[in-house]
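S.K.: sharing a model prediction with you, sequence too.
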Amino acid sequence: MKSFETPQSNHLSHTAAIAVVDAVMRATGILLLMGIAAIHLVQLVPTIRSTPLLGLAFIPLIAGSVIVGAQLVNPNVALTRLWLPVLALGLAAIVGYVFTRVVSTPFDNQDVGNWSCMLGIAALFVEGTLVALSAYAVSVLPRRHEALNGVAALSETSRSENSLVRVGQTNGSRS
C-alpha cells in the first residue's frame, strides 16, 4: 500500500520540523547567553579589583545576557525582534574584548596585547558561536516561516477546492 502525502500532511510535517529547529536554536541561544554570563560573573570580582570600570561594565553584560536569554523563552516574540538583541549582545561583547586588547583606556589599561587570556578566549568562542547562531536565525528563519505560511495558504486553497469538487459531484449526481 502506497502512502500519499497531502498538502495538509506536508504542512504538518513542515510545521513540526520548523518548531523543532526553533526550539533547538532557542535552547542553544539560552545556553550560550548563560555561558557569557557565567564567564563574566567568574571574572567580576577580580576585574573590579584590578580595573574597576571594566568590572562595572561586566554587570550590564551579565544582566543583558540573562534578560535576553529569558526573552528567548517567550514564544510570542517575532523572530527578528527576538534574535537581533541576541546578535547585538554577542557583537558588543566581542567588540569590547577586542577594544580592550587594542586600546589602552581608563576601562582597562592592563590588557593591551593580552590575547592569551584563557577566559577571554573561552568568551570569544561562546560569543562568536552566539553571533553565528543569531545571524543564521535572523537571515534564514523568517524565510522558513514565510515559506511555511505559504504552504499553509496552499493547503487551505487545496482544501477549499476539494470541498468545491465534492459539492459539485454531489450536485452533479442529483441531475
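M.R.: Sure, I can see it.
S.K.: buried set for the host helix or strand of Q71?
M.R.: Here Q71, judged by DSSP states H and E, is contained in helix 52-73. Residues of helix 52-73 classed as buried by neighbour count (16 or more other CB atoms under 10 Å): 54-55, 57-58, 61-62, 64-66, 68-69, 71-72. Yep, even glycine has a C-beta here, placed from its N, CA and C like the rest.
S.K.: residue ranges in the chain under the pLDDT threshold?
M.R.: 1-14, 78, 141-175 (pLDDT under 70).
S.K.: for the host helix or strand of L82, packing partners?
M.R.: For L82, the element it lies in under DSSP H and E is helix 79-102. Here helix 79-102 touches helix 7-50, helix 52-73, helix 118-174, going by 3 or more CB pairs under 8 Å, 6 or more residues apart in numbering; DSSP states H and E.
S.K.: next one: G96 from A63, what distance?
M.R.: Distance of G96 to A63, given as CB to CB, to the nearest Å: 15 Å.
S.K.: er, V73 I mean
M.R.: 16 Å.
S.K.: same thing with Q110?
M.R.: Between Q110 and A63 the computed distance is 24 Å (CB to CB).
S.K.: try N76
M.R.: 23 Å.
S.K.: same thing with I48?
M.R.: 15 Å.
S.K.: pull the helix holding L82 out as PDB, backbone CA atoms only.
M.R.: Only the C-alpha atoms of helix 79-102 are listed here, as PDB (Å, rounded to 0.1, in the frame of the first residue of the first chain):
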ATOM      1  CA  LEU A  79      11.800  36.200  15.200                       C
ATOM      2  CA  THR A  80      13.700  39.300  14.200                       C
ATOM      3  CA  ARG A  81      12.800  41.100  17.400                       C
ATOM      4  CA  LEU A  82      13.900  38.000  19.200                       C
ATOM      5  CA  TRP A  83      17.300  37.400  17.600                       C
ATOM      6  CA  LEU A  84      18.500  40.900  16.900                       C
ATOM      7  CA  PRO A  85      19.200  41.700  20.600                       C
ATOM      8  CA  VAL A  86      21.000  38.300  20.900                       C
ATOM      9  CA  LEU A  87      23.100  39.200  17.900                       C
ATOM     10  CA  ALA A  88      23.800  42.700  19.300                       C
ATOM     11  CA  LEU A  89      24.800  41.400  22.700                       C
ATOM     12  CA  GLY A  90      27.300  38.900  21.200                       C
ATOM     13  CA  LEU A  91      28.800  41.500  18.900                       C
ATOM     14  CA  ALA A  92      29.100  44.100  21.700                       C
ATOM     15  CA  ALA A  93      30.900  41.600  23.900                       C
ATOM     16  CA  ILE A  94      33.400  40.700  21.100                       C
ATOM     17  CA  VAL A  95      33.900  44.400  20.200                       C
ATOM     18  CA  GLY A  96      34.500  45.200  23.900                       C
ATOM     19  CA  TYR A  97      37.100  42.400  24.200                       C
ATOM     20  CA  VAL A  98      39.000  43.400  21.000                       C
ATOM     21  CA  PHE A  99      38.800  47.100  22.100                       C
ATOM     22  CA  THR A 100      40.400  46.400  25.400                       C
ATOM     23  CA  ARG A 101      43.200  44.400  23.700                       C
ATOM     24  CA  VAL A 102      44.000  47.100  21.200                       C
END
